[in-house]
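Novice: build the 3D model from these lines:
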Amino acid sequence: MPSSRAWAWARSSTTYSPASRCRPRRTAEPAMPTRNGWLLILLGGVLIAVGRLLGLWELFIIGFGAMALVVLAAISVGLTRIRVRARRRVSPARVHVGDDGRVDIALSNAGRRSPILRIRDQVAGTGGVDVTAGPLERGETTTVAYRLPTSSRGPLQLGPLTIEISDPFALASITVAAGSTTEITVLPRVLPVGPVPHTSGDDPHGGAHMPTASGRSGEDFYALRQYTVGDDLRRVHWRSTARHGELMVRQHEVPWQGRLTVLLDNRTGSHDAETFETAVTVAASVLSASARRQDLVRLVTTDGGDSGFSSGGSHLDALLHFLAVIHPVGRGSLQKTLSSLQRDGSGGVLLAALGEGAATEVDTVLRLRNRYGRVFVVSALRDSASRRESLTLTRPFPTATVLSVADRESFLNGWERAVSGRVRVAGR
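Specialist: Model prediction:
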């Protein structure tokens with residue numbers, strides 16, 4: 001989104017295969033002693049040295065036998081042949097922050113009875129996962145699983161997957177490749193919030209729950225609004241135009257599809273790590289709620305990114321995947337972005353997810369209420385002093401609401417009140 005390349009990547013990454021399979025192949029590495037094997041070799045060396053020093057041939061023989069046992073174990077493991085197929089599957093297919101993600105590894109044996117299998121799957125950002133599967137008979141299938149770490153959003157690489165086999169005494173082992181890598185994207189947390197309210201009246205793009213005109217032909221008069229490019233000049237209401245000093249047209253139909261523009265402030269100076277995650281969660285939650293209602297949704301960032309209006313699941317997936325990888329950047333200007341939105345004047349509802357900026361920035365956003373049917377400003381609190389008041393909800397104008405939230409719980413409570421209209425307008 002900050003660039004056409006990044007936005008194209010976000011759209012293309014919405015689909016991926018959560019499952020991968022590979023037949024284990026022999027590696028060029030020989031069987032190596034395990035920790036137990038090295039300890040036994042060390043013990044054997046000590047016994048040999050002590051036996052030679054003291055002339056105790058019994059110790060010499062015991063030490064030599066211990067070392068020989070490790071060598072025999074390595075030879076035995078090196079000659080072992082397995083035909084086990086591994087298949088990795090991630091569920092659910094869409095994983096959000098905080099979800100209970102799960103990785104299942106299905107193992108099927110096409111050869112003779114296998115030894116105990118130790119499966120290791122590399123997980124980016126962690127030390128990897130080790131699980132053990134018992135011996136598999138020919139044709140037998142089993143599944144091992146582990147939990148997917150979903151504490152943070154962004155790309156997460158799984159693999160490569162390896163299988164380690166060892167002798168019964170765990171003195172030597174060999175590792176074979178069993179699966180390639182799988183990259184998934186942990187999407188931002190989406191809270192169960194309601195969509196933005198519909199707007200009506202003189203907003204040509206606001207949308208409404210249902211038409212308020214009583215006729216069925218779609219040509220009944222509904223309201224007056226400002227002229228926009230593309231309107232039929234035959235609908236200009238000249239008397240109102242003379243009174244207001246600008247072109248006014250008669251609106252005969254109320255659009256059924258609402259519009260939502262989400263402005264995400266991703267300037268480095270506006271956030272710390274915690275407040276930026278709160279802002280991303282706010283943007284993802286409200287976009288998802290409105291998109292499920294089939295509204296036209298749009299995401300704009302302060303570094304110049306603009307997704308444009310669209311609806312449907314693929315557009316929402318692209319937005320969520322982009323929000324999964326977005327980070328604060330040093331460039332960008334809130335003032336320039338607001339000026340662009342002021343010129344655009346696309347109507348509908350504007351939601352600005354900001355950091356704990358100055359009051360003048362909030363006031364600048366509120367000036368866009370003359371271009372949008374409703375304006376919501378959500379500011380994520382940053383310092384501990386501000387967090388003492390976890391939620392501040394005000395409505396300085398009839399069509400504008402300002403929320404200051406400290407965490408996702410306070411946002412949930414404040415948003416429910418904001419969209420339901422249970423906030424008194426300041427001064428009334």
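
Novice: so where's this structure uncertain?
Specialist: For the chain, residues meeting the criterion pLDDT under 70 lie at 1-29, 200-223, 229-230, 252-256, 357-360, 383-391, 422-428.

Novice: which residues of it fall in helices?
Specialist: For the chain, applying DSSP state H gives helices covering 4-12, 35-54, 57-78, 238-244, 273-292, 313-325, 334-344, 359-366, 408-420.

Novice: domain-wise, how is the protein divided?
Specialist: As assigned by automatic domain parsing, the chain contains the domains 4-187, 213-253, 259-420.

Novice: point out the most buried one among the ones you listed.
Specialist: Of these, the one with the most neighbours on average (mean count of other CB atoms under 10 Å) is domain 259-420, at a mean of 19. C-beta coordinates here come from the backbone N, C-alpha and C atoms, glycine included.

Novice: ok now that one, how far from the chain's centre?
Specialist: Mean C-alpha position of domain 259-420 versus that of the full chain (CA atoms, centre = their mean, to the nearest Å) differs by 17 Å.

Novice: now the end-to-end length of that domain.
Specialist: End-to-end distance of domain 259-420 (CA to CA, to the nearest Å): 18 Å.

Novice: okay, and the beta partners of the most centrally placed residue in the chain?
Specialist: Centroid-nearest residue in the chain: Leu187, 1.3 Å away (criterion: CA atoms, centre = their mean). Beta-bridge partners recorded for Leu187 (DSSP bridges): His96.

Novice: what lies in contact with stretch 331-340?
Specialist: Outside stretch 331-340, the residues that touch it by CB atoms under 8 Å, 6 or more residues apart in numbering are 263, 265-267, 270, 300-304, 354, 357, 361, 364-365, 367-368.

Novice: quick revisit: okay if I get the helices of the chain as a markdown table plus distance to Ala93?
Specialist: Below are those laid out as a markdown table (distance: least, CB to CB, whole Å):
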| stretch | distance to Ala93 |
| --- | --- |
| helix 4-12 | 16 |
| helix 35-54 | 39 |
| helix 57-78 | 38 |
| helix 238-244 | 53 |
| helix 273-292 | 16 |
| helix 313-325 | 11 |
| helix 334-344 | 34 |
| helix 359-366 | 36 |
| helix 408-420 | 24 |
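
Novice: for Arg395, find the nearest of these.
Specialist: Smallest distance to Arg395 across these (CB to CB): 8.0 Å, for helix 408-420.

Novice: could you list every helix and strand that that closest one packs against?
Specialist: With contacts defined as 3 or more CB pairs under 8 Å, 6 or more residues apart in numbering; DSSP states H and E, helix 408-420 has these neighbours: helix 273-292, strand 374-380, strand 391-397, strand 400-405.

Novice: to Val249, which of the ones you listed lies closest?
Specialist: strand 374-380 (21.5 Å).

Novice: give the residue farthest from the middle of this structure.
Specialist: Gly55 (69.0 Å).

Novice: now Leu296: how far from Thr34?
Specialist: Counting by CB to CB, to the nearest Å, the gap from Leu296 to Thr34 is 60 Å.

Novice: sorry, back to before: Gly65 is nearest to which of the helices and strands packed on helix 408-420?
Specialist: Gly65 lies closest to helix 273-292 among the helices and strands packed on helix 408-420, at 58.4 Å (CB to CB).

Novice: remind me what that closest one packs against, helices and strands.
Specialist: If contacts are counted by 3+ CB pairs under 8 Å, 6+ apart, helix 273-292 sits against strand 259-264, strand 296-301, helix 313-325, strand 349-354, strand 374-380, helix 408-420.

Novice: can you lay out the ones you listed as a markdown table showing distance to Phe64?
Specialist: Shown next, in a markdown table, are the helices and strands packed on helix 273-292 (distance: least, CB to CB, whole Å):
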| stretch | distance to Phe64 |
| --- | --- |
| strand 259-264 | 70 |
| strand 296-301 | 70 |
| helix 313-325 | 59 |
| strand 349-354 | 72 |
| strand 374-380 | 69 |
| helix 408-420 | 66 |
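
Novice: out of those, nearest to Val77?
Specialist: Taking CB to CB, helix 313-325 is the member of the helices and strands packed on helix 273-292 nearest to Val77, at 42.3 Å.

Novice: so the residue nearest to the centre of the chain sits against Gly98, correct?
Specialist: No: the criterion here is CB atoms under 8 Å, and Leu187 misses it with Gly98 at 10.4 Å.

Novice: returning to what we had before: looking at the helices of the chain, which is nearest to Leu107?
Specialist: Nearest of the helices of the chain (CB to CB): helix 57-78, 18.6 Å.

Novice: what does the closest one rub up against?
Specialist: Helix 57-78 is contacted by residues 30-33, 37, 40-41, 43-52, 165-167, 169, 171-174 when judged by CB under 8 Å, 6+ apart.

Novice: at 10 Å what do you get?
Specialist: When contacts are defined by CB atoms under 10 Å, 6 or more residues apart in numbering, helix 57-78 is touched by residues 26, 29-34, 36-54, 56, 115, 164-174.

Novice: and if you look at stretch 119-128?
Specialist: Taking CB under 10 Å, 6+ apart as the rule, stretch 119-128 contacts 84, 86, 88, 103, 105, 107, 129-133, 144, 146, 148-149, 151-152, 154-164, 175, 178-179, 181-183.

Novice: and stretch 143-155, end to end?
Specialist: Stretch 143-155 stretches 25 Å from its first residue to its last (CA to CA).

Novice: let me redo that: stretch 86-105
Specialist: So stretch 86-105: terminal residues 6 Å apart, CA to CA.

Novice: find residues that contact each of Leu187 and Gly98.
Specialist: Common neighbours of Leu187 and Gly98, counting by CB under 10 Å, 6+ apart, are 150, 153.
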